[in-house]
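# mind looking at a prediction? Sequence and model below.
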Amino acid sequence: MFEIMPLTPQLLAELGDELGACDFTDPSQTDFLANAAYCDVQAAPGNGKTTLVAAKLALLSRNWLSRRRGICVISHTNAARTEVEDLIGRHPTGSRLMAYPHFTGTVTAFINQYLALPYIRGLGWDVRQIDDDAFEAEALRRYTSFWALKNQAEKAGATVAKWVGKLTLDPAFDDVRREPESLMVQRQKGQHGADTNCGKALANLKASLVRIGLFRYADMTALAWRALRENPALAERLRDRFPLVILDEAQDTNGDQLRLLEHVFKQDGAAFQRLGD
């Protein structure tokens, strides 16, 4: 695992000075700073949770020697990531945690970098863009070329448009050719089954968008699950690489992403620490 230096009054005072005259002497703060195991931290918005994360990084940077294993700091938003980077980037020893083998970024960036994109490359698929709005615009432009969807839209246009705009890969898809003709999608409320003409058209539409490298953010989570299921040792390798994982803004991390992180890190071999409102 990793070791945390004893929190003496002198050390806490040094941390406070290094991070801008902060006070880290409250028992709840020192409990988190000294914790090397799984834990949850809950506090009201604006209570300095991100600063506390920076303090823990500053503390760990004093004696982190491994060149192969690192600390993984995951935030829901780029704003929170930037706040951590700004706080720790000016620290005399903490700045070293902003480079390999450590990771600081959003949950989406983590999933893409370590799971989804390597898996996509293994499939031979290209990635042009990962963006919900761009995907929806192109899907809505294309779907009328599929007669079953066009016919259904004449009866319930808004419903079909919703299905089309949010087409997300199902991790159980069984076509892994470089240029798939059909790809199983997650079924939305009221959506026609996969064995119907409408369901088949949705699968074909999804494949057409994958062939041009256009994906939704949720596709990346689905592909990450696929990667983990096909490569059971992958989660263990990630736990070995990141013995400490800190999830900031845990309350905003969506259900699928949080379940994925817990599947990987909420096990022996890593300390998964979550902070949220």
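Nice, thanks for sending it over.
# got any ranges where this protein has weak pLDDT?
By pLDDT under 70, the chain has no low-scoring segment.
# list the buried residues of the helix or strand hosting residue 162.
Per DSSP states H and E: residue 162 is located in helix 147-165. Using 16 or more other C-beta atoms under 10 Å as the test for burial, helix 147-165 gives 148-149, 152-153, 160-161, 163-165. For the C-beta atoms, the positions are set from N, CA and C on the backbone; glycine is no exception.
# so which residues of the stretch 51-200 of the chain form strands?
Ranges of strands in the stretch 51-200 of the chain, per DSSP state E, counting those that start in this stretch, are 71-75, 103-106, 129-130.
# quick one, which of the ones you listed is packed in tightest?
strand 71-75 (a mean of 26; mean count of other C-beta atoms under 10 Å).
# list the contacts of it.
Contact partners of strand 71-75, identified using C-beta atoms under 8 Å, 6 or more residues apart in numbering, comprise 53, 57, 60, 64, 81, 84, 97, 102-107, 110, 242, 244-249, 261.
# before we move on, what about stretch 184-201?
Stretch 184-201 is contacted from outside by 143, 146-149, 152, 159, 162-163, 166-170, 172-175, 182, 202-203, 206, 218, 222, using C-beta under 8 Å, 6+ apart.
# equivalent analysis for stretch 151-167, please.
Counting by C-beta under 8 Å, 6+ apart, 135-136, 139-140, 143-144, 149, 185, 188, 190-192, 198, 202, 205-206, 209, 216 sit against stretch 151-167.
# got a list of what the residue nearest to residue 132 when sequence neighbours are not counted touches?
Computed as C-beta to C-beta, 6 or more residues apart in numbering, the closest residue to residue 132 that is not its neighbour in sequence is residue 216, at 5.3 Å. Neighbouring residues of residue 216 by C-beta under 8 Å, 6+ apart: 130-132, 135, 166-168.
# report the buried members of the residues you listed.
Buried among the contacts of residue 216 by 16+ other C-beta under 10 Å: 130, 135, 166-168.
# related to what we said a few turns ago, next step: the contacts of stretch 151-167 restricted to helices.
135-136, 139-140, 149, 198, 202, 205-206, 209 (DSSP state H).
# picking that back up, any chance of the strands of the stretch 51-200 of the chain in a markdown table, plus distance to residue 276?
Converted to a markdown table, the strands of the stretch 51-200 of the chain look like this (distance: least, C-beta to C-beta, whole Å):
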| stretch | distance to residue 276 |
| --- | --- |
| strand 71-75 | 11 |
| strand 103-106 | 15 |
| strand 129-130 | 25 |
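# mind checking these for the one nearest to residue 235?
Set against residue 235 and scored by C-beta to C-beta, the strands of the stretch 51-200 of the chain come closest in strand 71-75, at 13.2 Å.
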